[in-house]
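*Asks:* Need the 3D shape of this:
(chains A, B and C)
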Amino acid sequence: MAMFEVRIHGRGGQGVVTAAEMLSIAAFEEGRHAQAFPSFGSERTGAPVVAFCRIADAEIRLREPVMQPDALIIQDPTLLHQVDVFAGLKPGGYILINTNKSFTELGLGELIKDWPAERLCTVSATELGQKHVGRPMPNVPLLGGFAAVSGSFSWPRWSKRSTQNSPARSPAATSPARPRPSILSVPKWPQPNRRPPMLKQTEGSHAVAEAVALCRPEVICAYPISPQTHIVEGIGEMVKSGELKDCEFINVESEFAAMSVAIGSSATGARTYTATASQGLLFMAEAVFNASGLGLPIVMTVANRAIGSPINIWNDHSDSLSQRDCGWMQLFAETNQEALDLHIQAFKLAEELSLPVMVCMDGFILTHAYERVDMPTQAQVDAFLPPYVPRQVLDPSDPVSIGAMVGPEAFMEVRYLAHAKQMQALERIPELAAEFKAVFGRETGGLTHTYRSDDAETMIVAMGSVLGTIKDTVDEMRDAGVKIGVLGITSYRPFPLQNVREALKNAKRVVVLEKSLAVGKGGILSSDVRMALSGIQLHGYTVIAGLGGRAITKKSLHALFAKAGRDELEPLTFLDLDWTAVNKQLERERSKRRSGPIAENMLRDLGTVASRIA
Amino acid sequence: MEKPFAITLNPGSSLANHTGSWRTERPVYVDRLPPCNQQCPAGEDIQGWLFHAESGDYETAWRHLTRDNPFPAIMGRVCYHTCEGACNRGKIDSPVGINSVERFLGDEALKQGWTFAPVSVNSGKRVLVVGAGPSGMSAAYHLRRLGHHVTVQDAGPFLGGMMRFGIPKYRLPRDVLEAEMQRIVALGVEVKLNSRVDNILESMKTGKFDAAFLAVGAHIGKRAYIPAGDTARIVDAISVLRSMEGEEKPMLGRRVIVYGGGNTAIDVARTAKRMGADPIIVYRRNREKAPAHDFEIEEALQEGVMVKWLSTIKQAGESSITIEKMVLDDKGFPQPTGEFETMEADSVVLALGQDVDLGLLDGVPGLEVADGVVKVAPNMMTGHPGIFAGGDMVPAERNVTVAIGHGKKAARHIDAWLRSATHEAPKKHEVATFERLNTWYYSDAPKTVQPMLDIIRRQSTFDEVQGGLDETNALFEARRCLSCGNCFECDNCYGVCPDNAVIKLGAGKRFEFNYDYCKGCGICAAECPCGAIVMEPEKL
Amino acid sequence: MSMQPVKFYQTGTFTVGNRLLAPEDRSVQSNMERTNSLNSGHRACQGCGEALGARYAIDAAMKATNRQLIAANATGCLEVFSTPYPESSWQIPWIHSLFGNTAAVATGIAAAIKVKKGKGQGGQHGDIRVVAQGGDGGTTDIGFGCLSGMFERNDDVLYICYDNEAYMNTGVQRSSATPPAARTATTMPVGEHPGNNFGQGKFVPAIAMAHGIPYVATATVADLRDLEHKVTKAMSFRGARYLHILVPCPLGWGTASHDTIRMARLAKETGLFPVFEAEYGEVVSSLPIRHRLPVEEYLRPQKRFAHLFGKTPAVATIARIQSMADKNIRKYGLRFTGGA
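*Replies:* Below is the predicted model:
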């Protein structure tokens, strides 16, 4: 698969992330697959920011940051000596810099020695931005420059009018015209006959927002928390603009209130949706249990994120897994398409069983990634999802008391019934996936998915977006003759013990790679998998990976899986753990009573800010 | 609705949980005796008739009142309304003007021409009532209503007895008196005036009476020995008052000395004042010790009657009297001082009490007389079977209200006796004392209204010319009643029960407790304004 | 003599009912057809002020809304005694979710109703309205965040706080509504400063007013007509409304079960609990004290204040409490001014 990877460096406020997204849209407009995503930081205006864009002619599964870019766009030259912007740049890769100076003047003479000249470009992008839009916004001029330089792409919509008044210093560079805001709106496929009408290049959050809107929700409540914000912002706007009718959007004062509002509206018979992440999920935890206890079919997106302290906004699965026993169903999405589809299925599942569903999607990695999705039509969703008919409802014409105090005489039974419902869900989820396919023509959902698992001796078990990177790795290992396969778990609750057992029972070893840690024990998902394998003799490995947004790279996975294949892996492995930093701290604690805060010590040792590329 | 197990429940299903079993005390509705009722010598159910007056249903109120006392217009004028002294409202602001409301009802009845329901039963028994005064006419009324044939015989020319001869017109207009008397006659009571009974046994025999009620008034003024010259004009008070009813008014002169400290003394002094005299009351003790009602003394003083307290008349001459100043000893008895004073006097009116003429009783076997009155058993029967007595003739306080009460009481016993039964008065309820009430709930009389009320009450009691309460005032006054000890359907118990364990039965039907749910907290009893609920221990 | 017409009705509107009033002027509670929204058979203690207050308030709300009412209920005594499986005392659609989220649950209900109404799926007999209710703990403490959020958004919810001044459900622990010096299980009458501390107070009605919401009122179970009037008035407004009802607790206060209403009356008559109403953040009326009493009259019958009246009466403490009452009287204009 041909893939072209671009890395954009800049500072907060310079439209770095937007640049990556626009690039992906442009590629999409050409009919290519593209993936754009930021380095997900909490940086504010002026702080160094990185964004990535992958362009390929087939679906992109890889979720690791762009480690070895084919092209670099540097929106702010002051970063040159501050950040290792050239790290991993492929030899002879494209370099675009926003500057009035030459490469040599920038002190890059040594670097570009022997570099193909047509792949080097400087653009006075800040000046252009100032001139054309009145703001020093370098992203669009640079993209224009990139279009001109790269040559391998054609940029019909941008570049045609952009050859005039070119201040480009590179002979190959052309100046972009005034930025076209239309690029951010729904893109038009350049060759309409080829493009399915509902395909679009959009952010995962927006895709989910649109999908939720298609489900005709009646009450939506939300409290902002990264990385969930774009989802509820999207729906909120649709409600406010009137695009989404018969829906109340309530800005609540906390996640606890969000779930509580959802409880009230769901109990009153309204289809109800909310979204949260991380601390937010914990803050609403009491109400989360309550919603399932009351049997209210609320659908909630969890944009998976780590739980502090130390506070960390990046992705892992600690949040939803901390609520694994709360009585909600939990479905994990691998891609944005799946996230979108699972929401539609979730409403139907929840309402049929009168039990709430969490749709879990990796924070930033999916929520903030621009990629291609096939957005269903309203007619399709309506055909699949019937109107909500509540099992119990607060209605003055037929009053009931909901939420009784239940003592020892009946509490066990109530809990058993909740369990029984989830057991029903084990049957219903695959059926729903089939029904879904009948309407939408896509395989989405279900309990589990296997990948290249036939005859696999090594099976990798994982959940969420990391499955893409794993699959790419597995493909490469298969190409090298390794008998390795993948089990992706979509339904974490109910946990499909039987499916998992079937999928893994013939392997020689199982590696559970999970983005969560049961401190003091090891894995969380691993424990579930182990239960499914009860009585089966095989090697089992738990790999804790990607906590707090630590990138999970193909490179690391290769090494990991190879080691596993040799059965040289420790039963519990922390992928890419910085042992130097850990040992230093351990030593410090051994020697000093008041050793200080761990997180801060480590950062000092590492000499870094929180946002590294990988 | 398919309800989730245990979490979702049916509405109101807690009725299955009978919380009454928690109870250690149970509330019980009671009727207590209001202090006004307890006090009323005529046995009126004052709270009972005020209850109807409160809602503006004056006819029902009047009918309720006249179950006990057929003379509300008279009572409303001459009753000394000791009920008001007992009224619990007096401990909050001032007593309910019971008397004035009674008068309003009586006057309203006369105005509207309300009559008593005709008597529909006939016992076939005949009863002779001797004396057409308050006691006799009261008895006649009650006996007639019980179905007996009643004949009233009176020596005088008018109905009313001492009410006519002992009470001045300014306190009791004669048309009012006559109207209330005639209403009883209209019930079918036979009346024989100017018809003295000289021998009761003979009269009974002649008239074939099965029983008799003696109710002769104290018409004979008591005399006292006062050394007096031949020309001194000394008369007795009762004669003076009686002569006011005739054509020939008494000639008392300008300087009239009234000797005595009772109500009759006041009446005669005020009568004299109205005749243009300058009356001076001479009384041997002081104002506090005077038997006359203080308000009457006050009114007399306001009208210009003079009083010489602590004085006795030692001698009466043609145009002057000599009085001796007295002092009260340790026991409150007046003792002479030897200090004398002479006062001008055209006449001396003795108001030293009255006696009853008991001549008609001579020779009645078994009948006992002592101290000028007839001994009666608790059922008002004299020692002679079938002969009952009341009013001034029996040992008791002598006033109209007491007399009316005697009439009612005697009537009931006579009725029983005639049926060879005994009348058992229903057991009296416990008294609704002030402490039993929760007075928080009663409205304060607004400050702007209070002074006017006072005026109205005074009008009703001493100045006939100005009339009684108008309807608004009467209603207002009636509504000041606290309904002590008797449920007036304020719904408090129904409302304040945290367990909805009080069942409201509807207007006029009061309430019931639902002991299935009553936990016995006692809020209903504590918050009952009139003290009509008691908490009783559960018998376990 | 001309007599000005006087409306004087024996017990006026002090009693629950009054046969002398026109039917339309009578209280909801006096009506034989009242809804008994909180039905018999509930498991509240004898003489429970909260059970009483809840029926008063909800029955009035039911009348005001033509019985189109849904209630959300916080965890607490009211919830526990009204809905222990398998029996419910509620006659209205009712939901209990959690201790601290009742205002938000009510917001959700209101939102759902609004959407349903927009779709033509509203109540069959008029608009459906929402009441949220909880104790002082669920309102002034743990539920305060949700309450404030509901106020700020001006959601169409009437929130009723039944204030019995401590966590009675869990065994009488201190809440932010517990008065100074009061004994609770967590503020025992021991040490140098026995009973609850003199804090700054947290008078939620005033905080509600600070939100500028359409209607805020206080009431007690001792003034039924006032309470019903306020519920009815609250229902005439759209948006967030708050009603704070003082409901004495015989258990927690250490008072006789029959004294529940009397204690509420004393709280009002001493000025310790101001009864007033406010619209859009401004006080518009207050219920004047009828017969002003010193705070001692209120404190003395309560065992939770018994330590103030020991061998050496805590004169300074009582005086401090009196000054709180005096301040309320000044601040809320509670002095009786007379008039017809």
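*Asks:* residue contacts, residue 515?
*Replies:* I went with chain A, as the question did not name one. With contact set as CB atoms under 8 Å, 6 or more residues apart in numbering or on different chains, A:Lys515 has these partners: A:304, A:315-318, A:362, A:463-464, A:466, A:544-547. Backbone N, C-alpha and C define where each C-beta goes, glycine included.
*Asks:* The chain in question should be chain B.
*Replies:* Taking CB under 8 Å, 6+ apart, we find B:Tyr515 in contact with B:20, B:23, B:26, B:501.
*Asks:* Look up how far chain A lies from it.
*Replies:* B:Tyr515 sits 26 Å away from chain A, going by CB to the nearest CB, to the nearest Å.
*Asks:* Can you say which helix or strand has that residue in it?
*Replies:* B:Tyr515 belongs to no helix or strand when assigned by DSSP states H and E.
*Asks:* same deal with the one 10 residues further on?
*Replies:* Using DSSP H and E, B:Ala525 falls within helix B:523-527.
*Asks:* Per-residue confidence, the spatially closest residue to B:Lys3 that is not a sequence neighbour, what does it come out as?
*Replies:* The spatial neighbour of B:Lys3 that comes closest, neighbours along the chain excluded (CB to CB, 6 or more residues apart in numbering or on different chains), is A:Gln392 at 5.7 Å. Per-residue pLDDT puts A:Gln392 at 92.
*Asks:* Look up how far B:Arg144 lies from A:Gln392.
*Replies:* Separation of A:Gln392 from B:Arg144 (CB to CB, to the nearest Å) stands at 73 Å.
*Asks:* which of the two has more neighbours?
*Replies:* B:Arg144 (24 against 21; other CB atoms under 10 Å in any protein chain shown).
*Asks:* Confirm for me that that one is in contact with B:Arg183.
*Replies:* No: using CB atoms under 8 Å as the test, B:Arg144 is too far from B:Arg183 to be in contact (11.4 Å).
*Asks:* Break chain B into its domains for me.
*Replies:* B:13-31+B:487-537, B:35-115+B:446-473, B:126-219+B:356-418, B:221-354 (automatic domain parsing).
*Asks:* Any chance of those domains in TSV with mean pLDDT as columns?
*Replies:* Formatted as TSV, the domains of chain B follow (pLDDT from 0 to 100):
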stretch	mean pLDDT
domain B:13-31+B:487-537	96
domain B:35-115+B:446-473	83
domain B:126-219+B:356-418	93
domain B:221-354	87
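*Asks:* Can you give me the neighbour number for the residue nearest to B:Gly332 when sequence neighbours are not counted?
*Replies:* Closest residue to B:Gly332 apart from its sequence neighbours, by CB to CB, 6+ apart: B:Lys289 at 6.3 Å. A count of nearby residues for B:Lys289, using other CB under 10 Å, gives 15.
*Asks:* circling back: give me the contact list for the helix holding B:Ala525.
*Replies:* Residues from elsewhere that reach helix B:523-527, judged by CB under 8 Å, 6+ apart: B:27, B:438, B:441, B:492-493, B:496-498, B:502, B:533-535, C:47, C:52, C:257-262.
*Asks:* Quickly note the distance from the spatially most central residue of chain A to A:Asp382.
*Replies:* Chain A has A:Leu366 as the residue nearest its centroid, 1.8 Å off, counting by CA atoms, centre = their mean. Here the criterion is CB to CB. By it, A:Leu366 lies 26 Å from A:Asp382.
*Asks:* Then A:Gly134?
*Replies:* From A:Gly134 over to A:Asp382 the distance is 45 Å, taken as CB to CB.
*Asks:* and what of C:Thr75?
*Replies:* According to CB to CB, C:Thr75 and A:Asp382 sit 39 Å apart.
*Asks:* likewise C:Tyr215?
*Replies:* Between C:Tyr215 and A:Asp382 the distance, using CB to CB, works out to 42 Å.
*Asks:* So for those two, which residue has more residues nearby?
*Replies:* Between C:Tyr215 and A:Asp382, counting by other CB under 10 Å, C:Tyr215 is the more crowded of the two (24 against 15).
*Asks:* Tell me what that one is bridged to.
*Replies:* On the basis of DSSP bridges, C:Tyr215 is bridged to C:Arg241, C:Glu279.
*Asks:* which residues touch A:Gln130?
*Replies:* A:Pro136.
*Asks:* pLDDT value on A:Val609, please?
*Replies:* The model reports A:Val609 with a pLDDT of 51.
*Asks:* neighbours of residue 147, just the number please.
*Replies:* In the absence of a named chain, this looks at chain A. Residues within reach of A:Ala147, counting by other CB under 10 Å, total 22.
*Asks:* Oops, wrong one, chain B.
*Replies:* Residues within reach of B:Gly147, counting by other CB under 10 Å, total 15.
*Asks:* Now it. Nearest residue, chain neighbours left out?
*Replies:* With CB to CB, 6+ apart, the residue lying closest to B:Gly147 is B:Val121, at 3.5 Å.
*Asks:* Work out for me the element whatever residue of chain A ends up closest to chain C sits within.
*Replies:* Nearest to chain C in chain A, going by CB to the nearest CB, is A:Gly264, at a distance of 2.5 Å. Per DSSP H and E: A:Gly264 is located in helix A:255-267.
*Asks:* Tell me which other helices or strands that helix touches.
*Replies:* On a contact count with 3 or more CB pairs under 8 Å, 6 or more residues apart in numbering or on different chains; DSSP states H and E, helix A:255-267 meets strand A:219-222, strand A:272-276, helix A:278-283, helix A:285-293, strand C:94-96, helix C:102-118, helix C:144-153.
*Asks:* re earlier: quick check: the residue nearest to B:Gly332 vs B:Asp329, distance?
*Replies:* Using CB to CB, B:Lys289 is found at 12 Å from B:Asp329.
*Asks:* try B:Met75
*Replies:* Between B:Met75 and B:Asp329 the computed distance is 39 Å (CB to CB).
*Asks:* Run the chain-centre distance for the helix holding B:Ala525.
*Replies:* Relative to its parent chain, helix B:523-527 has a centroid offset of 33 Å by CA atoms, centre = their mean, to the nearest Å.
*Asks:* Same check on stretch A:286-296?
*Replies:* The chain centre lies 26 Å from the centre of stretch A:286-296; the measure is CA atoms, centre = their mean.
*Asks:* the strands in the stretch 201-340 of chain C, which residues?
*Replies:* For the stretch 201-340 of chain C, the strands defined by DSSP state E, counting those that start in this stretch occupy C:215-220, C:241-246, C:276-279, C:282-286.
*Asks:* pLDDT of the third one, averaged?
*Replies:* This means strand C:276-279. Throughout strand C:276-279, pLDDT has a mean value of 98.
*Asks:* For that strand, name the packing helices and strands.
*Replies:* The contact analysis (3+ CB pairs under 8 Å, 6+ apart) places strand C:276-279 against helix C:204-210, strand C:215-220, strand C:282-286.
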